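Q: What shape does this take:
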Amino acid sequence: MYLQMPMNLSVIMLNIFFCVNHADHYLLHQVVYNANKLASLVDKKKSLGNWLVYYQNKYERKPSRKPTIKTGLWGLWGNRVDAIDYYTKEIDKLS
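A: Numbers count the residues shown, from 1 in each chain. I've put the predicted structure just below:
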């Protein structure tokens, strides 16, 4: 692909090339982006949402005690924080 060529000119040239050389098989072309980072962010947000629902249900069953988690490595170290507030803030960061 031509890297120094303006985008609109390269689109026109691609269209002409495929219309001439592959007229029977060519319908259209579309630029494709690598969306792996977006997919991982969506998965992370979904996972955080599931944990939030879990801790909300846990709190509804026993409202006398708020669920807490440790924010450090693998939940083994770090400060204890309110789980519902923590996951709400993490979801807001991703939104």
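Q: Not counting residues beside it along the chain, what's closest to the spatially most central residue of the chain?
A: Closest residue to the average C-alpha location of the chain: Leu41 at 2.3 Å, with Cα atoms, centre = their mean. What sits nearest to Leu41 in space, not counting adjacent residues and going by Cβ to Cβ, 6 or more residues apart in numbering, is Leu94, at 6.1 Å. The C-beta positions use only the backbone N, C-alpha and C, and glycine is treated the same way.
Q: quick one, what contacts the one you found?
A: Contacts here follow Cβ atoms under 8 Å, 6 or more residues apart in numbering; on that basis Leu94 touches 41, 44-45, 48.
Q: Got the phi and psi for it?
A: Leu94 adopts backbone torsions of phi -80, psi -20, taken as degrees, to the nearest 10.
Q: Next one, pLDDT for it please.
A: pLDDT for Leu94: 90.
Q: Just the contacts of Leu94: which are in helices?
A: Among the contacts of Leu94, the residues falling in helices (DSSP state H) are 41, 44-45, 48.
Q: At which residues are the strands of the chain located?
A: Per DSSP state E, the chain carries strands over the ranges 68-70, 80-82.
Q: Make TSV out of these and add mean neighbour count and mean pLDDT.
A: Output for the strands of the chain, formatted as TSV (neighbours: other Cβ atoms under 10 Å; pLDDT from 0 to 100):
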stretch	mean neighbour count	mean pLDDT
strand 68-70	16	95
strand 80-82	13	95
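Q: Quick one: those as JSON lines, columns for distance to Cys19 too.
A: Shown next, in JSON lines, are those (distance: least, Cβ to Cβ, whole Å):
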{"stretch": "strand 68-70", "distance to Cys19": "59"}
{"stretch": "strand 80-82", "distance to Cys19": "60"}
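Q: just so I know, which of those strands lies nearest Tyr54?
A: Nearest to Tyr54 among those is strand 68-70; the distance by Cβ to Cβ comes to 10.9 Å.
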